[in-house]
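In: Below: sequence and its predicted model.
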Amino acid sequence: MSKDKSARIATPQAVRGTQDMLGDFADRFAHVVDTFERVRRLYGFKRVEVPVIEPTAVFARSLGETTDVVAKEMYSFDDRGGESITLRPEFTAGIARAYITNGWQQFAPLKVATHGPLFRYERPQKGRYRQFHQLDAEVLGSDSPLADAELLVFADQLLKELGIAEGVTLTLNTLGDAESRDAWRAALVEHFEAHRGNLSEDSLARLDKNPLRILDSKDPRDRPIADSAPDIDAFLTGEAQDFFGAVTAGLDAAGVAWERNARLVRGLDYYRHTAFEFVTDRLGAQGTVLGGGRYDGLIEALGGPPTAAVGWAAGIERLAMLLADDVIDNRLDAVIAVEDDSQLALATRALAALRNGGFATEIVASGSPRKRFDKAAKIPAHALISVGIRDGEPHINVRGEGDRSKAAEAVVRAL
RNA sequence: GCGACCAUAGCUCAGUUGGUUAGAGCGCCGGUUUGUGGUACCGGAGGUCGCGGGUUCGAGCCCCGUUGGUCGCCCCA
């Protein structure tokens, strides 16, 4: 109602790569989060909340200065006090920072879970957004392979309860301890250097920044070279070998299906030992639905005590897209159609009684009275209650099947 | 950051080789029909054709730019 036209602006568009959710997709999103919250309790993971903003150093130092996430995808800005702040591009580093600053070592081993928005300045694509949302689970302060296994069993049960386990497979690898990883990395660099002339341009860049990533390159020119590269197995120390064996034994004992993928590496620098991804071919180019691994060196790198830790994150939008069409039941218990305005008071009493009694109820009382029944009939509900006049008397009719309908009718009849 | 395709009513879309006043379905509002009924019919509201420039007697249609979307590359959950 602005009288001053100059007060109006052209409606701004939503920021690129962000989304507004309403209805079906919002319900799916909430269903993923609700399921996660339920399953997380079954595994004894505590709820944790950490800030959306952190000092830039939290991410820049921990993820690896040369990773794309740090080098070109962070939303960083100087606040009014001149401090460089970054919108979190992932959960792990912030949780690690909180673990140190709050002295959570006293609770080790600490199992925590959280979910919320993350921000990455990327080109939007199917299953990839600039503001996106993840579920996250971490076990801090445990160097036991049992922790890795527990986290994976947790992830597996979550996917099963969401009904999307079929078509999603757990792929697993080990990156070894620091000693194994360094030896393997050196051998890889040597191998790739020998084939330098045949690598793709992208992989030549990777050779300097993160040679491990050449292993999972999709470029056909890289595949023969990557496939003939040495596996880590030959470089694993006995200790690293035993660790991986214990993780897979734990999975087998819990009945979790998995596949070894010796080519699986992780994008962020902090990973050691166990690395895993739950992958699918149903999301186009964004095949990873849940991923993570062990990051024993991260907390120390952030200035904390040497602390072993392992965790995973899962894209909520990606999980929501995989949900079957029929998993969301947002039917109301009852819909009331007011077919005669003289009975509005009666209908309103029925509405209040139903809602107070725990019945999800909606009322249709506007527009042409003779069309309200049809309008109400289109709203998904267990019971359709019409309130009107019949033979000069107030009259209530209830249509519907099942227990909820009968229970709702009982409430209305008791008025 | 690179590439391809796309953008017309609230939604999903049509719109001929460039040619009067840009259409349909759904949804919304009103009327009629039906009258324990989820039906059918009639009417109405609603559009700077994403935005800016250009070509042309004339542009929703062709060209350039721009913004956004979608899908790949890359990256990652």
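Out: Done, it's in.
In: Around RNA strand B, which positions in the stretch 201-350 of chain A sit nearby?
Out: Residues of the stretch 201-350 of chain A found near RNA strand B (C-beta under 7 Å from any atom of the strand) are A:202, A:206, A:213, A:217-219, A:266-268, A:277, A:284-292, A:313-315, A:317-318, A:339. Every C-beta, even on glycine, is put in place using the N, C-alpha and C of the backbone.
In: Could you tell me how far the helix or strand of chain A with the lowest mean pLDDT lies from the centre of the chain?
Out: When the helices and strands of chain A are compared on mean pLDDT, DSSP states H and E, helix A:68-72 comes out lowest with a mean of 77. Here the centre of helix A:68-72 is set off from its chain's centre by 21 Å, with C-alpha atoms, centre = their mean, to the nearest Å.
In: what does it rub up against?
Out: A:59-60, A:63-65, A:89-90, A:120-121, A:267-268 (C-beta atoms under 8 Å, 6 or more residues apart in numbering).
In: Could you pick out which of those are located in strands?
Out: Secondary-structure check on the contacts of helix A:68-72 using DSSP state E: no residue lies within strands.
In: Would you mind writing the ChimeraX command to select the buried ones in the residues you listed?
Out: Per 16 or more other C-beta atoms under 10 Å, the buried members of those correspond to this ChimeraX selection:
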select /A:59,60,63,64,89,90,120,268
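In: which one of the contacts of helix A:68-72 is nearest residue A:356?
Out: residue A:90 (44.6 Å; C-beta to C-beta).
In: So the closest one sits against residue A:63, correct?
Out: Yes. Counting by C-beta atoms under 8 Å, residue A:63 is a contact partner of residue A:90 at 7.2 Å.
In: so what sits against both of those two?
Out: A:69, A:268.
In: what's near enough to touch residue A:265?
Out: Taking C-beta under 8 Å, 6+ apart as the definition of contact, the neighbours of residue A:265 are A:173, A:175, A:212-213, A:215-216, A:275.
In: Over to it: give its phi and psi.
Out: As for residue A:265, its main-chain torsions (degrees, to the nearest 10) stand at phi -130, psi 170.
In: and what of the one 10 residues further on?
Out: Listed backbone geometry of residue A:275 is phi -130, psi 140, with angles given as degrees, to the nearest 10.
In: What of the one 10 residues further on?
Out: Residue A:285 adopts backbone torsions of phi -80, psi -20, taken as degrees, to the nearest 10.
In: For burial, what's the neighbour tally of it?
Out: Burial of residue A:285, expressed as a neighbour count using other C-beta atoms under 10 Å, amounts to 9.
In: Equivalent analysis for residue A:194, please.
Out: As a burial measure, residue A:194 scores 10 neighbours (other C-beta under 10 Å).
In: Need the pLDDT of it.
Out: Model confidence at residue A:194, given as pLDDT, is 90.
In: so where do the helices sit in chain A?
Out: With helices called from DSSP state H, chain A shows them at A:24-42, A:56-63, A:68-72, A:92-101, A:145-161, A:178-194, A:201-209, A:223-227, A:238-254, A:298-301, A:316-322, A:344-356, A:372-377, A:403-413.
In: Dump the ones you listed to JSON lines, plus distance to residue A:394.
Out: Supplementary listing: the helices of chain A in JSON lines, determined by distance: least, C-beta to C-beta, whole Å:
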{"stretch": "helix A:24-42", "distance to residue A:394": "36"}
{"stretch": "helix A:56-63", "distance to residue A:394": "65"}
{"stretch": "helix A:68-72", "distance to residue A:394": "65"}
{"stretch": "helix A:92-101", "distance to residue A:394": "60"}
{"stretch": "helix A:145-161", "distance to residue A:394": "47"}
{"stretch": "helix A:178-194", "distance to residue A:394": "78"}
{"stretch": "helix A:201-209", "distance to residue A:394": "75"}
{"stretch": "helix A:223-227", "distance to residue A:394": "77"}
{"stretch": "helix A:238-254", "distance to residue A:394": "61"}
{"stretch": "helix A:298-301", "distance to residue A:394": "69"}
{"stretch": "helix A:316-322", "distance to residue A:394": "45"}
{"stretch": "helix A:344-356", "distance to residue A:394": "6"}
{"stretch": "helix A:372-377", "distance to residue A:394": "16"}
{"stretch": "helix A:403-413", "distance to residue A:394": "12"}
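In: Make sure residue A:157 is actually in contact with residue A:40.
Out: No. Here residue A:157 lies out of contact with residue A:40, judged by C-beta under 8 Å, at a distance of 10.2 Å.
In: Break chain A into its domains for me.
Out: A:24-177+A:237-322, A:332-413 (automatic domain parsing).
In: Can you tell me which of the helices of chain A has the worst average pLDDT?
Out: Set side by side, the helices of chain A show their lowest mean pLDDT on helix A:68-72, which sits at a mean of 77.
In: anything in that helix near RNA strand B?
Out: Yes. Counting by C-beta under 7 Å from any atom of the strand, RNA strand B has neighbours in helix A:68-72: A:68-69.
In: Just give me the neighbour total for residue A:202.
Out: Counted with other C-beta under 10 Å, residue A:202 comes out at 15.
In: I misspoke; the intended subject was residue A:150.
Out: The number of residues near residue A:150, taken as other C-beta under 10 Å, comes to 21.
In: Check the gap between it and residue A:393 for me.
Out: Applying C-beta to C-beta, to the nearest Å, one obtains 65 Å for the distance of residue A:150 from residue A:393.
In: What confidence value was assigned to whichever residue of the stretch 301-415 of chain A sits closest to RNA strand B?
Out: Distance from RNA strand B to each residue of the stretch 301-415 of chain A (C-beta to the nearest atom of the strand) is smallest for residue A:315, at 2.3 Å. pLDDT for residue A:315: 94.
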